[in-house]
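Chemist: My questions are about this predicted structure, shown below with the sequence.
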Amino acid sequence: MSDGLNSINQWLQDTIFKPLEDKKMPVMEHLVELQARLTRTVIVTALVFVGTFFYADTLVKWIRIPLQNMFVPGSLSWVPTDLPTVPFVFLAPAEALWQNVKVAGLFAIVIATPYILIEIWQFVVPGLHAQERRFVGPFVILSALAFYAGVGFSFFFVLPFALNFLVSYGVNAGFIPQLSIAQYVGFALWFLMVFGFIFEVPLAITLMAKLGWVDAPFLKRYRKWALLGSFIVAAILTPTPDPFNQCLMALPMYIFYEVGIVSAGFFNKKKADEPVTAVAPSAAAAGGPKAMSPAMSGSSGGDYVGVPTGSPRR
């Protein structure tokens, strides 16, 4: 029995664990490093959370701005709408406190994101090649900037438009607006987060094109399905079942799909051009003078000078 267990352990060590280990750092040291970095990340995020929770009431007031105001890009200011004053109520004893904790936690993660990305980068970068480092670094930075851009676009433009439409629709129908603080905060935070991820669509398509999973002709063939999928995903992610908010999410998602097609075409074209510059010298070296193209071997109109291999002509 013991011999069988020893053989199984030896097989696991030789087949599974040894391939995972590199010459520089074993697997257990990787796990210890990961644990240390996760611990530092949690501690930093918790410290930032203490500060954001201290200003949680102010953050909630900022989240309430899009409810009864519209942002004017020309003057960079908020203008009140025609909506009546909408009071906020809480329906459970701990509802107001929980919303402050939720808002403070989300803002703490957003503020601590640069440090989190630095820890992830320092953990991953030793295992990457130089070419992969040149690509992964800018990609991570652009992903973070795209997410922040999506959140800002939703806060200043999409969220006020959606809230004004929904509340004014209920007021015109004869209802008195009273919003639960939990329902409103959940609606606003979900809207902001979803639009942050929608702005990641072009980068995700670019990454798949860079890895060779998709290309521009493939994406063009599935445009109709992408449009249908955008509305299906928007229907799932929309916090309300109305088609208005569904269109607000689906249309930008499809527009970014088209942007991803352009980006995928650029990277596929660049990838297709690379073998052309790499094959010609190798073919000339492998085949000798006979493998040279006429433009390179011809003496008229070309600047190429071949390497002499035999005795000079007399």
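Modeler: Structure received. As the structure is a computational prediction, the values presented were derived from the model and not from experiment.
Chemist: Pull up the gap between His30 and Thr41, please.
Modeler: Shown here: His30 relative to Thr41, a distance of 16 Å by Cβ to Cβ, to the nearest Å. C-beta: built from backbone N, CA, C; applies to glycine.
Chemist: what's the distance between stretch 66-78 and the middle of its chain?
Modeler: 27 Å (Cα atoms, centre = their mean, to the nearest Å).
Chemist: Compute the first-to-last residue distance for it.
Modeler: One end of stretch 66-78 sits 9 Å from the other (Cα to Cα, to the nearest Å).
Chemist: And the strands in the stretch 1-150 of the chain, which stretches?
Modeler: Per DSSP state E, counting those that start in this stretch, the stretch 1-150 of the chain carries strands over the ranges 69-72, 77-80, 88-89.
Chemist: and for stretch 111-119, what are the contacting residues?
Modeler: The contact list for stretch 111-119 (Cβ atoms under 8 Å, 6 or more residues apart in numbering) reads Arg37, Arg40, Thr41, Val44, Thr45, Val48, Thr52, Ile109, Val140, Ala144.
Chemist: domain assignment for the chain?
Modeler: Taking automatic domain parsing as the reference, the chain has its domains at 27-198, 200-275.
Chemist: can you tell me which of these the model trusts least?
Modeler: When the domains of the chain are compared by mean pLDDT, domain 200-275 comes last with a mean of 79.
Chemist: can you pull the contacts of the nearest residue to Val101 once chain neighbours are set aside?
Modeler: Spatial nearest neighbour of Val101, chain neighbours left out: Phe53 (6.9 Å); criterion: Cβ to Cβ, 6 or more residues apart in numbering. For Phe53, the contacting residues are Asn100, Val101, Ala104, Ala108, by Cβ under 8 Å, 6+ apart.
Chemist: 7 Å - rerun?
Modeler: Under the criterion of Cβ atoms under 7 Å, 6 or more residues apart in numbering, the contact partners of Phe53 comprise Asn100, Val101, Ala104.
Chemist: Can you tell me how far the second one is from Gln183?
Modeler: If I follow you right, that is Val101. 16 Å.
Chemist: likewise the first one?
Modeler: Here the criterion is Cβ to Cβ. By it, Asn100 lies 15 Å from Gln183.
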